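Enquirer: Quick one, structure for this:
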Amino acid sequence: MVVLVCSSKLNADEIQVQFSGAVTDSGGVPGWYVGETFTGEFSYSTTDPFDVSVDGQSTYSLTSPEDSESVSVGSFNLLLQPLTGLHAFVSPGTSSYFLTQDFAAPGTPYMSLAFYGGSGFLSSQALPDPLNTAAITAGNIAFGFSENNVAYGVQGNITQVSTTPEPRSVVWVLGMLALVALAFRRSFKAFQS
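Expert: Next up is the predicted model:
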């Protein structure tokens, strides 16, 4: 009997994007400055519901439980999960873009991301699967929060983007290992007979 165990989450439809960059507008946050570095993550499901397509741009509601956005600047951390009011916009072409726009209630934390690329960046109006990070030519972030009854809005340029290896390859490897083990088991039983 062969038992296969994997400790990572196996959601074949989840895409995890890591990014980093520099603040371009500190929004008046005490102690923050232009040029300060940030890091962040964005997760979305390729099965998030499609809303509408207009003039070559598709819109999706990011409502799956694994969807999230986060950013860290120094010791400050902002995590948005579950996402409420967040939409993704996908537009392939010679000036492709993949955007998230947060339509959260006023006074609540928000975050919006933008990734731009040329004709090789997006191949369709579907949510990118996988996200072609090598073809991203520019990126931006905007996020906001309230602290001590003061609202802040921060902006930055994203300078590096990467994705976590897709779990579907782990599923494929585990499946192949199970098939090899089954074939070996059958061969061994036939040999014993």
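Enquirer: Ignoring the adjacent residues along the chain, who's closest to S70?
Expert: Excluding its sequence neighbours, the residue lying closest to S70 (C-beta to C-beta, 6 or more residues apart in numbering) is L79, at 4.4 Å. Every residue, glycine included, has its C-beta placed from N, CA and C.
Enquirer: Where does the prediction get shaky in this structure?
Expert: Within the chain, the segments meeting pLDDT under 70 span 1-12, 165-193.
Enquirer: hmm, back to that, okay, the residue nearest to S70 and P109: tell me how far apart.
Expert: 9 Å (C-beta to C-beta, to the nearest Å).
Enquirer: Identify the single longest strand in the protein, thanks.
Expert: Using DSSP state E, we find that the single longest strand of the chain is strand 150-163.
Enquirer: Residues in contact with it: which ones?
Expert: Under the contact criterion C-beta atoms under 8 Å, 6 or more residues apart in numbering, strand 150-163 has outside partners 15-29, 32, 38, 73, 107, 113, 115, 130-131, 133, 136, 138-146.
Enquirer: roughly how far is that strand from the heart of the chain?
Expert: 14 Å (C-alpha atoms, centre = their mean, to the nearest Å).
Enquirer: From here on, call the first residue 4.
Expert: Sure, I'll start counting at 4 from here, so that last one is strand 153-166.
Enquirer: Using CSV, write down the CA coordinates of that strand.
Expert: The C-alpha coordinates for strand 153-166 follow below in CSV (Å, rounded to 0.1, in the frame of the first residue of the first chain):
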residue,chain,number,x,y,z
VAL,A,153,-7.2,60.0,10.2
ALA,A,154,-7.6,58.5,6.7
TYR,A,155,-4.4,57.8,4.7
GLY,A,156,-3.9,57.0,1.0
VAL,A,157,-0.6,55.6,-0.2
GLN,A,158,0.7,54.9,-3.7
GLY,A,159,3.8,53.1,-5.1
ASN,A,160,5.5,51.6,-8.1
ILE,A,161,5.8,47.9,-8.2
THR,A,162,9.3,47.0,-9.4
GLN,A,163,9.4,43.2,-9.0
VAL,A,164,6.7,40.5,-9.5
SER,A,165,6.8,36.8,-9.1
THR,A,166,4.4,33.9,-8.7
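Enquirer: Lovely, talk soon.
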